[in-house]
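Trainee: Got a predicted model here, sequence first, then my questions.
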Amino acid sequence: MAMPKEELIELIKKKIPDAEFDIEDLKGDDNHFHAIIKSKAFNGLSKVEQHKLVYQALGSHMGTTLHALMLTTLKK
């Protein structure tokens, strides 16, 4: 299965409305992404907590419709 970049952005925006994105489809298959996400929601959180917040936004899509996501999270 695959997930278009736009759907990935939409899911994350629901959980992290102020998120700014730079997302690269690493293999051109809508299934392997590198996402750089910048948000005030990350302020005060460790990197692990920041990544958990993103994974919560993706819910059951991670590992199913979305195979691989490399994350870089940045604080605003």
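Mentor: Thanks, I have it. Residues are numbered from 1 along each chain as shown.
Trainee: Now do the helices in this protein.
Mentor: Using DSSP state H, the helices of the chain run over residues 5-15, 47-58.
Trainee: Now render the ones you listed as TSV, adding mean pLDDT.
Mentor: Shown next, in TSV, are the helices of the chain (pLDDT from 0 to 100):
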stretch	mean pLDDT
helix 5-15	96
helix 47-58	97
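Trainee: what about those, which gets the closest to residue 32?
Mentor: Closest to residue 32 of the helices of the chain, according to Cβ to Cβ: helix 5-15, at 11.3 Å. Where you see a C-beta, it was placed from the backbone N, CA and C, and this is true even at glycine.
Trainee: quick one: buried residues of the closest one?
Mentor: Neighbour counts using 16 or more other Cβ atoms under 10 Å place 8, 11-12, 15 of helix 5-15 among the buried residues.
Trainee: so can I have TSV of these showing distance to residue 75?
Mentor: Output for the buried residues of helix 5-15, formatted as TSV (distance: Cβ to Cβ, whole Å):
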residue	distance to residue 75
8	21
11	21
12	16
15	16
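Trainee: Taking those together, which two end up most distant?
Mentor: Greatest spatial distance among the buried residues of helix 5-15 (Cβ to Cβ): 8 and 15, at 12.0 Å.
Trainee: how much space between the residue of the chain most remote from its centre and residue 38?
Mentor: Distance from the C-alpha centroid of the chain, by Cα atoms, centre = their mean, peaks at residue 44 (18.5 Å). For residue 44, the distance to residue 38 equals 15 Å [Cβ to Cβ, to the nearest Å].
Trainee: got it, and residue 20?
Mentor: Distance from residue 20 to residue 38, counting by Cβ to Cβ: 4 Å.
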